[in-house]
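Peer 1: Okay, structure incoming, though there's no sequence with it:
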């Protein structure tokens, strides 16, 4: 006999599915922000990354090996800014807090990040061609600080195998899971769901990089604002998710 699904249960599943989709949209918004900001920083702030600290470490090593201390100072500043942002956010977050409190902290951190990015966008837009050395260095610190905040905020979201600022491990997880599914080593629905989430997040990062690159190529005057919009979208998504239920 077929199992009868009550209208109430069906409605609950639909609601939970919508909330999960909204949370996933928020995660993708954060990935889009980091992808676009990495490109903005790399193209306009003298070849540094806002969120890709592995890349900055490599650039720092190259500059030091060349004895170019001026070039080394920029990725070094990005690393410092990121660490400061992560430290400040970690100090304001209690990992042992109840889920409802952690959700409130997530929203607070995203609001703080959006504010930092808005300040960055205004400063970037009013600094012309970013020719002033001091202004450029302050912008590097500010954008990497915002990404450090995002790194801690993303940890609060319970998204297995997903990160919004470092994608090497995410790519490994995608390939590993896809290979296991293709070879039929496992057929776990939760693993499939996690893999799709990882793929969408990685695609969002790439989309952010593509959009920023196209806008930079066309010398778009509001180039620094897409990351702000993406984080605001994420913030709204998590507010809606929190009001509906706990973040999945």
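Peer 2: Nice, thanks for sending it over. Predicted model only: the values in this text are computed from it and were never measured.
Peer 1: Do a quick rundown of the strands in the protein.
Peer 2: Applying DSSP state E to the chain gives no strands.
Peer 1: Show me the shaky parts of it.
Peer 2: 1-19, 95-100, 128-131, 158-162, 168-170, 184-191, 243-248 (pLDDT under 70).
Peer 1: quick one, helices of the protein?
Peer 2: Ranges of helices in the chain, per DSSP state H, are 7-44, 53-65, 69-91, 99-126, 133-156, 168-182, 189-217, 226-244.
Peer 1: Mean neighbour count, these: which tops it?
Peer 2: Counting by mean count of other C-beta atoms under 10 Å, helix 133-156 has the highest mean neighbour count of the helices of the chain, with a mean of 23. The way it works is simple: take the backbone N, C-alpha and C, and place the C-beta from them, glycine included.
Peer 1: what packs against that one?
Peer 2: On a contact count with 3 or more C-beta pairs under 8 Å, 6 or more residues apart in numbering; DSSP states H and E, helix 133-156 meets helix 7-44, helix 69-91, helix 99-126.
Peer 1: can you redo these as JSON lines with distance to residue 177?
Peer 2: Shown next, in JSON lines, are the helices and strands packed on helix 133-156 (distance: least, C-beta to C-beta, whole Å):
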{"stretch": "helix 7-44", "distance to residue 177": "16"}
{"stretch": "helix 69-91", "distance to residue 177": "28"}
{"stretch": "helix 99-126", "distance to residue 177": "26"}
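Peer 1: check contacts around residue 113.
Peer 2: 146, 149, 150, 153, 231 (C-beta atoms under 8 Å, 6 or more residues apart in numbering).
Peer 1: how close does the fourth one get to residue 32?
Peer 2: The reference is to residue 153. Separation of residue 153 from residue 32 (C-beta to C-beta, to the nearest Å): 15 Å.
Peer 1: what's the answer for residue 138, then?
Peer 2: Residue 138 is 24 Å from residue 32, by C-beta to C-beta.
Peer 1: For residue 192, list the residues it contacts.
Peer 2: Residues in contact with residue 192 (C-beta under 8 Å, 6+ apart) are 177, 181.
Peer 1: same check, this time on residue 38
Peer 2: 49, 50, 51, 52, 208, 209, 212.
Peer 1: can you tell me how far it sits from residue 51?
Peer 2: Taken as C-beta to C-beta, the span from residue 38 to residue 51 is 6 Å.
Peer 1: got it, and residue 35?
Peer 2: Distance of residue 35 to residue 51, computed by C-beta to C-beta: 8 Å.
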